[in-house]
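Colleague: next one to model:
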Amino acid sequence: MEKSIKVTEGGKNVRADVFVSENEEDISRSFAGRLFSEGLAKVNGRAAKPSLKLKEGDVITFTLPEPEAINAVPEDIPLNIVYEDDSVLVINKPRGMVVHPAVGNERGTVVNAALFHCQGSLSGINGSVRPGIVHRIDKDTTGLLVIAKNDRAHKSLTDQLADRSLSRVYYALVNGNIKEDGGTVDAPIGRSPKDRKKMAVVPDGRSAVTDFEVIERFGAYTLVRCKLRTGRTHQIRVHMKHIGHSVVGDKAYGIKNERFALAGQLLHAKEISFIHPETGEKVTFSCPLPEDFSAVLEVLRKTKKED
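Modeller: Have a look, this model is predicted:
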């Protein structure tokens, strides 16, 4: 389906992707960017970058791909639901659960469980493999994940991710004693040149910024609160390793011969805040640390007290 929009005075000097998302209710900024990048959106009949600044009188034409049918298989898998209404579903994801189906993980994912729970009613913007998925957390990371139940909610939440009004806070136990009380890691992340399955801080990577604050020190370990300003793959894990304090239990980026036998990294998405897509009010959700994370902290506090 082809559509067109004429740029009025109010659209002068506005980015092309921003203009389209603001004028089309069901198109997020990230999706608009993809339309331009893939040549499905043009300005005055010519290919254009998403970042092009528009002029009054410009005509944007774009072709929307046919919506993909949701064909992931619903599965009766229990979900730890923190909040739910007609627009959003907020869950506390357990360790070991993949967010969406992929090669080798076609079943048992958050998507499979959410499709069953919501009786197939999820946003279709991300297609058949990732319905409703606005953001992701790693398989062995625990904590809060927000899922969109319709396209309107999905657009609102992805726009908030883009403008950083959707806030995500993680707790992490890291190796070593961080002497500063807090700081910011501003280091670009991309594929590791040594191992393409991993991410790393690389000069030509995508901008990545993580703020951290020390909560508690245990000599050889530090409990930190991390707030994402960007959302790159493995961002906190890579940034913590970059500053010499890898996340405890991290099999990809951590140290060898860990003191604790863990099933995965002690990294927990503890808080999430966003503007509710329907009410327009800011909402904040939090969830407790998982049992294995709390158990390690209990051991460390006991040892600290004895010392």
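Colleague: contacts and neighbour counts: CA atoms only from here.
Modeller: OK.
Colleague: and the top helix by length along the chain, what's buried?
Modeller: Scanning the chain for the helix with the most residues, using DSSP state H, yields helix 291-306. Buried residues in helix 291-306, counting neighbours by 16 or more other CA atoms under 10 Å, are found at 293, 296-297, 300.
Colleague: quick one: Val174 is in a strand?
Modeller: Yes - the assignment for Val174 by DSSP: H, G, I helix; E, B strand; the rest coil puts it in a strand.
Colleague: so who does it touch?
Modeller: Contacts for Val174 (CA atoms under 8 Å, 6 or more residues apart in numbering) come out as 221-224, 240, 245-248.
Colleague: show residues contacting the helix or strand of the chain with the lowest mean pLDDT.
Modeller: Least confident helix or strand of the chain, by mean pLDDT, DSSP states H and E, is helix 16-23 with a mean of 86. Applying CA under 8 Å, 6+ apart, the contact partners of helix 16-23 are 11, 27-30, 32-33, 36, 49-54.
Colleague: and the helices in the chain, which stretches?
Modeller: So, for the chain - with DSSP H - the helices run 16-23, 29-37, 110-117, 151-163, 235-242, 291-306.
Colleague: who's in contact with the second one?
Modeller: To tie it back to what came earlier, the one meant is helix 29-37. 17-18, 20-21, 41-42, 47-50, 62-64, 155, 158-159, 162.
Colleague: grab the nearest non-local neighbour of Leu262.
Modeller: Using CA to CA, 6 or more residues apart in numbering and skipping residues adjacent in sequence, the residue nearest Leu262 is Gly249, 5.8 Å away.
Colleague: quick check, that neighbour in contact with Glu258.
Modeller: Yes - the pair Gly249 and Glu258 qualifies as a contact (CA atoms under 8 Å) at a distance of 7.0 Å.
Colleague: who has more neighbours out of those two?
Modeller: With neighbours defined as other CA atoms under 10 Å, Gly249 and Glu258 compare such that Gly249 has more, 25 against 13.
Colleague: how much space separates the more buried one from Ile215?
Modeller: Counting by CA to CA, to the nearest Å, the gap from Gly249 to Ile215 is 19 Å.
Colleague: sketch out the strands for the stretch 151-300 of the chain, chain order is fine.
Modeller: 167-175, 182-186, 189-191, 199-201, 209-217, 221-228, 267-275, 282-286 (DSSP state E, counting those that start in this stretch).
Colleague: so where is the stretch 101-250 of the chain shaky, pLDDT-wise?
Modeller: The stretch 101-250 of the chain contains residues with pLDDT under 70 at 103-105, 128-129, 196.
Colleague: could you rerun that using 90?
Modeller: 101-107, 119-132, 162, 191-198, 204-206 (pLDDT under 90).
Colleague: can you flag the buried ones in the contacts of helix 16-23?
Modeller: In these, the ones that pass as buried (16+ other CA under 10 Å) are 11, 27-30, 32-33, 36, 49-50, 53-54.
Colleague: could I get the residues you listed as CSV with distance to Pro74 and pLDDT?
Modeller: Listed next are these as CSV, based on distance: CA to CA, whole Å; pLDDT from 0 to 100:
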residue, distance to Pro74, pLDDT
Gly11, 43, 83
Ile27, 26, 79
Ser28, 26, 77
Arg29, 29, 83
Ser30, 27, 84
Ala32, 29, 88
Gly33, 30, 90
Phe36, 33, 93
Lys49, 38, 94
Pro50, 36, 93
Lys53, 43, 95
Leu54, 43, 95
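Colleague: distance of the residue most central in space within the chain relative to Ser167?
Modeller: By CA atoms, centre = their mean, the chain has its centre lying nearest to His135, at 3.4 Å. Look at His135 and Ser167: by CA to CA, they are 12 Å apart.
Colleague: hang on, the earlier thing: got the angle between the longest helix of the chain and strand 267-275?
Modeller: Here helix 291-306 runs at 110 degrees with respect to strand 267-275, directions being taken by axes from the mean of the first three to the mean of the last three CA atoms, to 10 degrees.
Colleague: didn't Phe212 look like it was pressed against Thr184?
Modeller: Yes - counting by CA under 8 Å, Phe212 touches Thr184, with 6.1 Å between them.
Colleague: quick one: which of these two has more around it?
Modeller: Neighbours were counted for Phe212 and for Thr184 using other CA under 10 Å; Phe212 has more, 22 against 14.
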